[in-house]
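sequence-free structure coming up:
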């Protein structure tokens, strides 16, 4: 699934020419606060390569998001991720600061969940959220994810939410 749309967003499969938009997103300290910190252009270039390889290996991955008028909105995806030595499949998303608080995260979380559980027929999906990120916790709870457990990732306390097919 290279493209999909929601009411207010279009999503396109990650490509090399998305690098500049991702660099700008990852350099914003407010956006990156719950993404493991600000990423340099070089780290974002590696992030892009890893996520393009995920598409090649699994047939799904990261999409770049645009508003209906074509403006860059952020990124979102479904990916394999190792959590406490277990291969999990996570939904994840990040939006430009100008779109915060307007329901875009809930809109994309709903779409990713539908794609993952219905179209890809995955048995379950998780969301990993920093304990202090109340907004993302509420997004997952509104999307019917259930708090499963707490853990520590890369020195940070996080919670794992899950939804099953």
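That came through fine. Nothing here was measured: the structure is a model prediction, and the numbers come from that model. Residues are numbered from 1 along each chain as shown.

what pairs with the longest strand seen in the chain, parallel or antiparallel?
When secondary structure is assigned using DSSP state E, the longest strand within the chain turns out to be strand 72-83. Neighbouring strands of strand 72-83 in its sheet, by DSSP bridges, are strand 62-67 (antiparallel), strand 86-95 (antiparallel).

which other residues reach the longest one?
What that stands for is strand 86-95. Counting by Cβ atoms under 8 Å, 6 or more residues apart in numbering, strand 86-95 makes contact with 25, 31, 35, 65, 73-83, 104-105, 108-109, 112-113, 116, 122, 124-128, all of which sit outside it. C-betas here are computed from N, CA, C, even on glycine.

also the first one?
The set of residues external to strand 62-67 that reach it, using Cβ under 8 Å, 6+ apart, is 4, 8-15, 18, 21-22, 51, 54-55, 72-77, 79, 93, 95, 99, 104, 108.

how far off centre is that strand?
When C-alpha coordinates are averaged (Cα atoms, centre = their mean, to the nearest Å), strand 62-67 and its chain have centres 10 Å apart.
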